[in-house]
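> Any chance you could fold what I've pasted below:
(one chain, ligands or ions: 3)
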Amino acid sequence: MNSFSASFKSNPVDFHKIIPLDFKTANKLPDSHKWTDHPIVNPFTVGTVPIINLSDPNAISLIKHACEKWGVFQITNHGIPLNLLRQVELQTLGLFSLPAHQILSALRSPEGITGYGQPRISFFFPKLMWSEVFSMIGSPIEHATKLWPHQHARQANFCNIMEEYQKEMKKLSEKMFKLMVESLGATLEDVDWLKPTMSCKEPETLFHLNSYPVCPDSDSGCAMGFAPHTDSSLLTVLYQSTTTSGLQIFGDNIGWMPVHPISGALVVNVGDLMHILSNGQFKSTLHRVLVNNTHHRVSAAYFYGPPKDVKISPSINLIDHDHPPLFCPVSWKELLDAKAKHFNKALEVFRNDMVTAK
Ligand SMILES: C=C1C[C@]23C[C@@]1(O)CC[C@H]2[C@@]12CCC[C@@](C)(C(=O)O1)[C@H]2[C@@H]3C(=O)O
Ligand SMILES: O=C(O)CCC(=O)C(=O)O
Ligand SMILES: [Fe+2]
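Ligands and ions are numbered 1, 2, ... in the order given. The predicted structure is shown next:
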């Protein structure tokens, strides 16, 4: 059982928080989806998160600066074929264009990880989000056979593209993780599970296709695509459709700022576990997604984390008398359990000052 199944088994979601609205027939924003308590204002902030060319000889120091200041950056020259990105986008649009009765055949179960449903974080909010998610770990064949029972070529096409993309994402995430570790001045020896003796342990990953359908009342400021959160992973690699903005990050002195899509680029998010590993030096930034009334936006988020039961703690090279470890060691499963209870306050559970104060 992986960390997500283990955590979700003890924290099941209500059934009514799994089935998304039938967005194709909705011609107004229902009360259930109106975030009236906190009108959502689109930011006027001009500014961009760093765009880093991975072939730049200064890539490591640019990554360090981006992780410290923003916790989010975009990468180019990442080696993922453009055609594969396009195929993933087309398959995602195709999947979410299926009629409700067909896509619901792949509905996630209350304790399940994979399949179709509302974003799992709906659990934490009184209002629902204007989005739907299809989750995978490895091959989605089990769901593809239900989605397209009589179309074997369609099943195979969907599965091949999703598997190929996850294979490429795993390599890229490993590369980004090593660059981030190196930028902290740590060696791979300083990170337990990267040591050659432990390298047989496989990282855990999760892959989400997100869909943000055209929203009739998006101008009212009452619709939310994906509510503010941080990712629990070490890092997340995100592909966003090139035609439509929506992703925003929260900067301390600037408020909400858009991360506009750049053709061929991928977004990298520092996750909570990386924040711990860097002893708080790298930010896991709050982000959200807004929707619009003209374009259907899709994205593909690949969450990369440590192997099962491996505990992440602040890297040894960052710790000395003047820099004590800010966090106690924590596995992905322990963090997910804490997030299920405390959501955006979960990191506080593992802060050493909080642990001693308890
Ligand atoms: C209810 C949950 C969904 C989530 C795991 C969790 O138990 C708490 C945090 C959620 C979140 C938010 C960021 C992205 C995500 C993949 C993650 O790492 O933590 C989701 C998880 C999910 O949707 O499965
Ligand atoms: O759709 C996006 O741009 C972001 C989605 C996201 O933050 C997530 O899946 O965790
Ligand atoms: Fe996220």
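> tell me the contacts of His33?
Leu21, Lys127, Leu128, Met129, Trp130, Cys222, Ala223, Met224 (Cβ atoms under 8 Å, 6 or more residues apart in numbering). For the C-beta atoms, the positions are set from N, CA and C on the backbone; glycine is no exception.
> go with 6 Å
Contacts were defined as Cβ atoms under 6 Å, 6 or more residues apart in numbering; by that measure His33 touches Leu128, Trp130.
> ok, it to Phe23 distance?
His33 sits 10 Å away from Phe23, going by Cβ to Cβ, to the nearest Å.
> show me where the stretch 51-200 of the chain has strands.
In the stretch 51-200 of the chain, the segments counted as strands under DSSP state E, counting those that start in this stretch are 51-53, 72-76, 115-117, 132-136.
> Ok, which of those comes nearest ligand 2?
Each of the strands of the stretch 51-200 of the chain was scored for nearness to ligand 2 using Cβ to the nearest ligand atom, and the closest is strand 132-136 (7.3 Å).
> who touches stretch 61-80?
For stretch 61-80, the surrounding residues in contact (Cβ under 6 Å, 6+ apart) are 49-55, 168, 172, 179, 183, 249, 262, 265-270, 282-285.
> Show me which residues of this structure are close to ligand 2?
For the chain, the residues in contact with ligand 2 under the definition Cβ under 6 Å from any ligand atom are His208, Asn210, Phe226, Asp231, Leu238, Gln240, Leu247, His287, Val289, Ser299, Ala301.
> how about a cut-off of 5 Å?
Residues of the chain lying close to ligand 2 by Cβ under 5 Å from any ligand atom are Asn210, Leu247, Val289, Ser299, Ala301.
> Name the nearest of those relative to Val88.
When the residues of the chain next to ligand 2 are compared for distance to Val88 (Cβ to Cβ), Ser299 comes out closest, at 10.0 Å.
> shouldn't the closest one be in contact with Gln240?
Yes - the pair Ser299 and Gln240 passes the contact test of Cβ atoms under 6 Å, sitting 4.5 Å apart.
> For ChimeraX, what selects the buried ones among the contacts of stretch 61-80?
Applying 16 or more other Cβ atoms under 10 Å to the contacts of stretch 61-80 leaves a buried subset, and the ChimeraX line that selects it is:
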select :49,52,54,168,172,179,183,249,265,266,267,268,269,270,282,283,284,285
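> can you pull out the helices in this protein?
For the chain, the helices defined by DSSP state H occupy 3-10, 59-69, 82-96, 100-103, 141-147, 152-183, 272-277, 332-342, 352-357.
> With respect to ligand 1, which of these lies nearest?
Ligand 1 sits nearest to helix 332-342 of all these, at 3.6 Å, using Cβ to the nearest ligand atom.
> and the closest one, does that touch ligand 1?
Yes - contact between helix 332-342 and ligand 1, assessed by Cβ under 5 Å from any ligand atom, occurs at Leu336, Lys339, Ala340.
> could the residues you listed go into TSV alongside pLDDT and neighbour count?
Output for those, formatted as TSV (pLDDT from 0 to 100; neighbours: other Cβ atoms under 10 Å):
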residue	pLDDT	neighbour count
Leu336	97	20
Lys339	96	22
Ala340	94	18
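> Pipe the residues of the chain next to ligand 2 into a markdown table and attach distance to Asn2 per row.
Output for these, formatted as a markdown table (distance: Cβ to Cβ, whole Å):
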| residue | distance to Asn2 |
| --- | --- |
| Asn210 | 21 |
| Leu247 | 27 |
| Val289 | 26 |
| Ser299 | 23 |
| Ala301 | 17 |
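> Which among those count as buried?
Judged by neighbour count, with 16+ other Cβ under 10 Å as the criterion, the buried members of the residues of the chain next to ligand 2 are Asn210, Leu247, Val289, Ser299, Ala301.
> Out of those, which comes closest to Leu90?
The shortest approach to Leu90 among these belongs to Ser299, at 13.8 Å (Cβ to Cβ).
> check contacts around the closest one.
With contacts defined as Cβ under 6 Å, 6+ apart, the neighbours of Ser299 are Asn210, Leu238, Gln240.
> what would the residues you listed look like in a markdown table with distance to Val13?
Formatted as a markdown table, those follow (distance: Cβ to Cβ, whole Å):
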| residue | distance to Val13 |
| --- | --- |
| Asn210 | 17 |
| Leu238 | 23 |
| Gln240 | 25 |
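> Out of the helices of the chain, indicate the one that is most buried.
For the helices of the chain, the stretch with the most neighbours on average is helix 272-277, a mean of 26; neighbours defined as mean count of other Cβ atoms under 10 Å.
> List the contacts of that helix.
When contacts are defined by Cβ under 6 Å, 6+ apart, helix 272-277 is touched by residues Thr230, Ser232, Leu234, Leu235, Phe282, Ser284, Ile312, Ser315, Phe327, Leu347.
> and it, is it in reach of ligand 1?
No - remark: helix 272-277 sits outside contact range of ligand 1, by Cβ under 5 Å from any ligand atom, the gap being at least 7.9 Å.
> related to what we said a few turns ago, give me the subset of the contacts of helix 272-277 lying in strands.
Counting by DSSP state E, the part of the contacts of helix 272-277 found in strands is Leu235.
> how about the contacts of helix 272-277, which pair is most distant?
Taking every pair in the contacts of helix 272-277 and measuring Cβ to Cβ, the maximum separation is 19.6 Å, between Thr230 and Ser315.
> Any buried residues in stretch 23-30, and which?
Buried residues in stretch 23-30, defined by neighbour count with 16+ other Cβ under 10 Å: Phe23, Ala26, Leu29.
> Thank you, goodbye.
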